[in-house]
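Asker: predicted model follows, preceded by the sequence.
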Amino acid sequence: MPGGRLTQQERQQIALGLADGLAYAEIARGLDRPTSTITREVMRNGGPTTYRADLAHRATEHRTHRRRQAAPRGGQAPPQAHGRDAEAVRAYEETFTTLLMQQGLPKMTSRVLTCLYTTDAGSVTASELVQRLQISPASVSKAVTFLEGQGLVRRERDDRRRERYIVDDDVFYQGMIASARANALLAETARQGVGVLGRDTPAAARLENIARFIDFVSESITHAAEQAREILHSRAEAASGDTAEPPTDRG
């Protein structure tokens, strides 16, 4: 299987495959490349409907040039914690970012969330995000505001009065609950349409079915989130208790 960066010819083949309606996996097989490589390439260059080989190639060259300019003198990347492979970490972050984009998050928001997910501390400051992602403070602020609105990030002040953006297990729970609330609002709005359109009409029946479906899914998500939170917290407490020193036998 060939490695290295995609060539301009390969990008042209990707564009042709997309135009023919081929799946990413099928395009990947034709190029003898991993499917993840094709997915990442397409999603970070406009998506399947607007991908252009020439623009994608120039954008990649620009990103490569920018990374070289940002690299420390001597050509050595800063050391990674825990002996991690810096190139492997970068590739993984790109893959994770692409996945988040496929799920509907904007590109910059996906990059910020990936950075938070892959940070050992689980929190970063705005200046750390600016430095790590090479983006503007305004881009950071916009992305974090969106993530906070979705319940995926929370803010705290550290001991130096700096604002930190945090992801932890409870943030996932809060995000699920926020999603369930949004779905409940959608179900309520659908039911309002039943009265407007006439209860015995096909359109009203469709809206009622939508509302029932959303109700069922939302209740299931809420129950699963609460159950998972309780179980995981119990396990964490049990694990913490196992590390405690056993009582001294005074017999």
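Answerer: On my side now, so go ahead.

Asker: please enumerate the strands of the stretch 151-251 of the chain.
Answerer: Counting by DSSP state E, counting those that start in this stretch, one finds strands in the stretch 151-251 of the chain at the ranges 154-157, 163-166.

Asker: so which bits of stretch 143-158 are buried?
Answerer: Neighbour-count burial for stretch 143-158 flags 143-144, 146-147, 150-154 (criterion: 16 or more other Cβ atoms under 10 Å). Every residue, glycine included, has its C-beta placed from N, CA and C.

Asker: quick one, what contacts Ala180?
Answerer: 218-219, 221-222, 225 (Cβ atoms under 8 Å, 6 or more residues apart in numbering).

Asker: can you list those residues in TSV and add distance to Thr37 and neighbour count?
Answerer: Converted to TSV, the contacts of Ala180 look like this (distance: Cβ to Cβ, whole Å; neighbours: other Cβ atoms under 10 Å):
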residue	distance to Thr37	neighbour count
Ser218	37	20
Glu219	40	13
Ile221	33	15
Thr222	38	17
Ala225	34	18
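
Asker: ok, the residues you listed vs Ala23, which is closest?
Answerer: Nearest to Ala23 among these, counting by Cβ to Cβ, is Ile221 at 29.1 Å.

Asker: and the closest residue to that closest one other than its chain neighbours, how far from Phe96?
Answerer: Leaving aside its sequence neighbours, Ile221 sits nearest to Ala180 (Cβ to Cβ, 6 or more residues apart in numbering; 5.0 Å). Distance check for Ala180 against Phe96: by Cβ to Cβ, to the nearest Å, it reads 25 Å.

Asker: repeat that for Gly21.
Answerer: 27 Å.

Asker: what average pLDDT does the longest helix along the chain get?
Answerer: Longest helix of the chain, by residue count under DSSP state H: helix 202-242. Averaged across helix 202-242, pLDDT comes to 87.

Asker: which strands and helices sit next to it?
Answerer: helix 169-197 (3 or more Cβ pairs under 8 Å, 6 or more residues apart in numbering; DSSP states H and E).

Asker: helices along the stretch 1-150 of the chain, start to end?
Answerer: 8-19, 24-31, 35-43, 53-70, 86-102, 107-117, 126-133, 137-149 (DSSP state H, counting those that start in this stretch).
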